[in-house]
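[1] 3D, please:
(2 chains)
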Amino acid sequence: LAKTTQPISMDSYEGQEVNITCSHNNIATNDYITWYQQFPSQGPRFIIQGYKTKVTNEVASLFIPADRKSSTLSLPRVSLSDTAVYYCLVGALSYNTDKLIFGTGTRLQVFP
Amino acid sequence: ETGVTQTPRHLVMGMTNKKSLKCEQHLGHNAMYWYKQSAKKPLELMFVYNFKEQTENNSVPSRFSPECPNSSHLFLHLHTLQPEDSALYLCASREIGTRDYNEQFFGPGTRLTVL
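    You can find the predicted model right below:
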(Lines give C-alpha, C1' and ligand atoms only; values in the text may rest on other atoms or scores of the structure.)
Protein backbone atom coordinates (compact mmCIF):
# COMPACT_ATOMS: atom_id res chain seq x y z
CA LEU A 1 0.00 0.00 0.00
CA ALA A 2 1.35 3.38 -0.98
CA LYS A 3 2.39 5.70 1.83
CA THR A 4 1.07 9.23 1.84
CA THR A 5 2.54 12.43 3.25
CA GLN A 6 0.47 15.50 4.00
CA PRO A 7 0.88 18.55 6.23
CA ILE A 8 0.07 18.02 9.88
CA SER A 9 -2.01 21.18 10.15
CA MET A 10 -3.27 24.20 8.25
CA ASP A 11 -5.03 27.39 9.22
CA SER A 12 -7.45 29.39 7.11
CA TYR A 13 -10.14 32.03 7.38
CA GLU A 14 -13.76 31.85 6.41
CA GLY A 15 -14.40 32.48 2.74
CA GLN A 16 -10.92 31.49 1.60
CA GLU A 17 -10.02 28.61 -0.68
CA VAL A 18 -7.99 25.91 1.00
CA ASN A 19 -5.66 23.56 -0.86
CA ILE A 20 -4.25 20.52 0.92
CA THR A 21 -1.53 18.66 -0.92
CA CYS A 22 -0.70 15.02 -0.45
CA SER A 23 2.34 13.22 -1.83
CA HIS A 24 2.25 9.54 -2.75
CA ASN A 25 5.40 8.72 -4.67
CA ASN A 26 4.84 4.96 -4.66
CA ILE A 27 1.30 4.96 -5.99
CA ALA A 28 0.46 1.79 -7.94
CA THR A 29 -1.21 1.64 -11.32
CA ASN A 30 -4.50 0.38 -9.90
CA ASP A 31 -4.61 2.77 -6.94
CA TYR A 32 -7.20 5.48 -6.53
CA ILE A 33 -6.69 8.65 -4.49
CA THR A 34 -9.36 9.20 -1.88
CA TRP A 35 -9.99 11.92 0.67
CA TYR A 36 -11.96 11.64 3.88
CA GLN A 37 -13.05 14.27 6.40
CA GLN A 38 -13.37 13.63 10.12
CA PHE A 39 -14.95 15.81 12.79
CA PRO A 40 -14.07 15.24 16.48
CA SER A 41 -15.66 12.13 17.98
CA GLN A 42 -17.22 11.12 14.67
CA GLY A 43 -16.35 8.60 12.01
CA PRO A 44 -14.58 9.74 8.83
CA ARG A 45 -16.73 10.75 5.88
CA PHE A 46 -15.84 10.14 2.24
CA ILE A 47 -15.35 13.40 0.37
CA ILE A 48 -13.96 12.67 -3.07
CA GLN A 49 -12.00 10.17 -5.10
CA GLY A 50 -10.06 10.32 -8.33
CA TYR A 51 -7.67 8.46 -10.56
CA LYS A 52 -6.18 11.20 -12.72
CA THR A 53 -6.73 14.82 -13.88
CA LYS A 54 -9.49 16.66 -12.06
CA VAL A 55 -12.58 15.56 -10.22
CA THR A 56 -15.18 17.91 -8.81
CA ASN A 57 -18.26 17.36 -6.71
CA GLU A 58 -20.51 19.57 -4.61
CA VAL A 59 -18.04 19.57 -1.72
CA ALA A 60 -14.53 19.74 -3.17
CA SER A 61 -12.23 19.40 -6.14
CA LEU A 62 -9.37 16.99 -6.51
CA PHE A 63 -6.43 17.78 -8.76
CA ILE A 64 -4.11 14.97 -9.82
CA PRO A 65 -1.10 15.63 -12.07
CA ALA A 66 -0.16 13.30 -14.88
CA ASP A 67 2.50 11.43 -12.86
CA ARG A 68 -0.03 10.84 -10.04
CA LYS A 69 2.69 11.18 -7.41
CA SER A 70 0.76 13.88 -5.61
CA SER A 71 -2.74 15.24 -5.36
CA THR A 72 -4.41 18.39 -4.08
CA LEU A 73 -7.74 18.63 -2.33
CA SER A 74 -9.33 22.02 -2.89
CA LEU A 75 -12.08 23.33 -0.62
CA PRO A 76 -13.69 26.48 -2.04
CA ARG A 77 -14.78 29.23 0.32
CA VAL A 78 -14.37 27.37 3.60
CA SER A 79 -16.59 28.01 6.59
CA LEU A 80 -16.14 27.34 10.30
CA SER A 81 -17.88 23.99 9.85
CA ASP A 82 -15.04 22.82 7.59
CA THR A 83 -12.76 22.66 10.62
CA ALA A 84 -11.82 18.98 10.68
CA VAL A 85 -9.09 16.48 9.95
CA TYR A 86 -8.64 15.59 6.29
CA TYR A 87 -7.12 12.25 5.30
CA CYS A 88 -5.51 11.40 2.00
CA LEU A 89 -5.57 7.69 1.17
CA VAL A 90 -4.18 5.75 -1.74
CA GLY A 91 -5.35 2.29 -2.62
CA ALA A 92 -8.03 0.26 -4.31
CA LEU A 93 -10.54 -1.70 -2.32
CA SER A 94 -11.75 -4.64 -4.34
CA TYR A 95 -12.91 -8.20 -3.98
CA ASN A 96 -9.36 -9.13 -3.01
CA THR A 97 -8.17 -6.08 -1.11
CA ASP A 98 -9.82 -4.87 2.07
CA LYS A 99 -7.26 -2.49 3.46
CA LEU A 100 -7.13 1.25 3.30
CA ILE A 101 -4.47 2.90 5.42
CA PHE A 102 -5.38 6.11 7.19
CA GLY A 103 -2.41 8.33 8.03
CA THR A 104 -2.33 11.12 10.58
CA GLY A 105 -4.20 13.50 8.30
CA THR A 106 -4.19 17.28 8.05
CA ARG A 107 -5.90 19.19 10.80
CA LEU A 108 -7.61 22.21 9.21
CA GLN A 109 -8.61 25.05 11.49
CA VAL A 110 -10.89 27.70 10.01
CA PHE A 111 -11.06 31.03 11.82
CA PRO A 112 -13.80 33.67 11.57
CA GLU B 1 -26.71 9.96 9.35
CA THR B 2 -24.57 7.59 7.35
CA GLY B 3 -26.78 4.50 7.58
CA VAL B 4 -24.39 2.88 10.04
CA THR B 5 -25.38 2.88 13.71
CA GLN B 6 -23.31 1.93 16.71
CA THR B 7 -24.33 1.20 20.27
CA PRO B 8 -23.54 2.15 22.89
CA ARG B 9 -22.09 5.56 22.06
CA HIS B 10 -20.17 5.66 25.32
CA LEU B 11 -18.96 2.81 27.50
CA VAL B 12 -16.98 2.74 30.72
CA MET B 13 -15.78 -0.64 31.89
CA GLY B 14 -13.39 -2.17 34.37
CA MET B 15 -10.57 -4.43 33.36
CA THR B 16 -12.42 -7.54 34.50
CA ASN B 17 -15.71 -6.77 32.74
CA LYS B 18 -17.11 -8.33 29.60
CA LYS B 19 -18.99 -6.09 27.23
CA SER B 20 -19.98 -5.99 23.57
CA LEU B 21 -20.11 -3.24 20.98
CA LYS B 22 -22.77 -3.45 18.31
CA CYS B 23 -22.81 -2.12 14.79
CA GLU B 24 -25.68 -2.23 12.33
CA GLN B 25 -25.69 -1.03 8.74
CA HIS B 26 -28.90 -0.23 6.88
CA LEU B 27 -27.28 0.16 3.47
CA GLY B 28 -27.35 -3.36 2.12
CA HIS B 29 -23.58 -3.53 2.11
CA ASN B 30 -21.63 -6.76 2.13
CA ALA B 31 -18.41 -5.80 3.90
CA MET B 32 -17.99 -4.50 7.45
CA TYR B 33 -15.01 -3.23 9.40
CA TRP B 34 -13.86 -2.46 12.92
CA TYR B 35 -11.35 0.34 13.41
CA LYS B 36 -9.71 1.66 16.55
CA GLN B 37 -8.80 5.33 16.92
CA SER B 38 -6.67 6.26 19.92
CA ALA B 39 -5.96 9.83 20.88
CA LYS B 40 -3.48 11.50 18.54
CA LYS B 41 -3.09 8.34 16.46
CA PRO B 42 -4.29 7.33 13.01
CA LEU B 43 -7.18 4.95 12.57
CA GLU B 44 -6.08 1.35 12.96
CA LEU B 45 -7.87 -1.37 11.05
CA MET B 46 -8.78 -4.24 13.38
CA PHE B 47 -11.08 -6.68 11.58
CA VAL B 48 -12.71 -7.05 8.19
CA TYR B 49 -15.67 -9.19 7.18
CA ASN B 50 -16.59 -9.79 3.55
CA PHE B 51 -19.88 -11.56 2.97
CA LYS B 52 -19.88 -12.50 6.69
CA GLU B 53 -16.48 -14.18 6.44
CA GLN B 54 -13.58 -12.72 8.35
CA THR B 55 -10.88 -11.80 5.87
CA GLU B 56 -8.59 -9.64 7.98
CA ASN B 57 -7.33 -9.78 11.53
CA ASN B 58 -4.78 -7.05 11.87
CA SER B 59 -2.78 -8.62 14.72
CA VAL B 60 -5.44 -7.71 17.24
CA PRO B 61 -5.11 -9.13 20.80
CA SER B 62 -7.45 -11.98 21.62
CA ARG B 63 -9.22 -9.88 24.27
CA PHE B 64 -11.07 -8.41 21.26
CA SER B 65 -13.36 -10.92 19.58
CA PRO B 66 -15.44 -10.00 16.53
CA GLU B 67 -18.67 -11.62 15.43
CA CYS B 68 -20.63 -11.15 12.23
CA PRO B 69 -23.89 -13.09 12.39
CA ASN B 70 -25.24 -11.62 9.14
CA SER B 71 -24.27 -9.00 6.59
CA SER B 72 -26.04 -6.21 8.50
CA HIS B 73 -24.66 -6.74 11.98
CA LEU B 74 -21.21 -6.72 13.47
CA PHE B 75 -20.21 -7.13 17.09
CA LEU B 76 -16.99 -6.60 18.99
CA HIS B 77 -16.84 -8.61 22.20
CA LEU B 78 -14.54 -7.22 24.85
CA HIS B 79 -13.05 -8.98 27.87
CA THR B 80 -10.23 -8.29 30.30
CA LEU B 81 -9.28 -5.08 28.55
CA GLN B 82 -6.40 -2.82 29.52
CA PRO B 83 -6.49 0.94 30.10
CA GLU B 84 -4.54 1.44 26.87
CA ASP B 85 -7.52 -0.03 25.01
CA SER B 86 -9.45 3.14 25.76
CA ALA B 87 -10.25 4.65 22.38
CA LEU B 88 -12.95 5.47 19.85
CA TYR B 89 -14.08 2.26 18.15
CA LEU B 90 -15.50 2.80 14.72
CA CYS B 91 -17.52 0.51 12.54
CA ALA B 92 -17.69 0.94 8.78
CA SER B 93 -19.31 -0.79 5.85
CA ARG B 94 -19.02 -0.76 2.09
CA GLU B 95 -20.50 -2.36 -0.99
CA ILE B 96 -17.95 -4.55 -2.72
CA GLY B 97 -17.82 -3.83 -6.43
CA THR B 98 -19.22 -0.31 -6.54
CA ARG B 99 -17.74 2.40 -8.69
CA ASP B 100 -16.44 4.41 -5.73
CA TYR B 101 -13.98 1.72 -4.80
CA ASN B 102 -12.65 3.34 -1.64
CA GLU B 103 -15.88 4.64 -0.15
CA GLN B 104 -16.56 3.32 3.29
CA PHE B 105 -19.46 4.47 5.43
CA PHE B 106 -18.57 4.98 9.05
CA GLY B 107 -20.74 4.92 12.13
CA PRO B 108 -20.45 7.55 14.87
CA GLY B 109 -18.27 5.32 17.02
CA THR B 110 -18.27 4.04 20.57
CA ARG B 111 -16.11 5.98 23.01
CA LEU B 112 -14.66 3.29 25.29
CA THR B 113 -12.96 4.04 28.61
CA VAL B 114 -11.26 1.21 30.49
CA LEU B 115 -10.61 1.90 34.14
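[2] now whichever residue of chain A sits closest to chain B: how far from residue A:84?
    Proximity of chain A to chain B (C-beta to the nearest C-beta) peaks at residue A:43, 2.7 Å away. Any C-beta I mention is one placed from the backbone N, CA and C, and that applies to glycine too. Counting by C-beta to C-beta, to the nearest Å, the gap from residue A:43 to residue A:84 is 12 Å.
[3] Quick check: residues of chain A near chain B?
    A:32, A:34, A:41-46, A:49, A:89, A:91-95, A:98-105 (C-beta under 8 Å from any C-beta of the partner chain).
[4] ok and the residue in chain B nearest chain A?
    residue B:106 (2.7 Å).
[5] That residue touches residue B:92, doesn't it?
    Yes - with contact defined as C-beta atoms under 8 Å, residue B:106 counts as touching residue B:92 (4.6 Å).
[6] okay, and the common contacts of these two?
    A:43, B:4, B:35 (C-beta atoms under 8 Å, 6 or more residues apart in numbering or on different chains).
[7] Looking at those, which one is closest to residue A:110?
    residue A:43 (20.7 Å; C-beta to C-beta).
[8] I'd assumed the closest one was in a strand, is it?
    No - counting by DSSP: H, G, I helix; E, B strand; the rest coil, residue A:43 is not found in a strand; it is coil.
[9] Find the residue at the geometric middle of chain B.
    residue B:34 (2.8 Å; C-alpha atoms, centre = their mean).
[10] Secondary structure element for that residue, which one?
    For residue B:34, the host element (DSSP states H and E) is strand B:31-37.
[11] on that earlier part again, residue contacts, the residue of chain B closest to chain A?
    Per C-beta under 8 Å, 6+ apart, neighbours of residue B:106: A:42, A:43, A:44, A:45, B:2, B:4, B:35, B:90, B:91, B:92.
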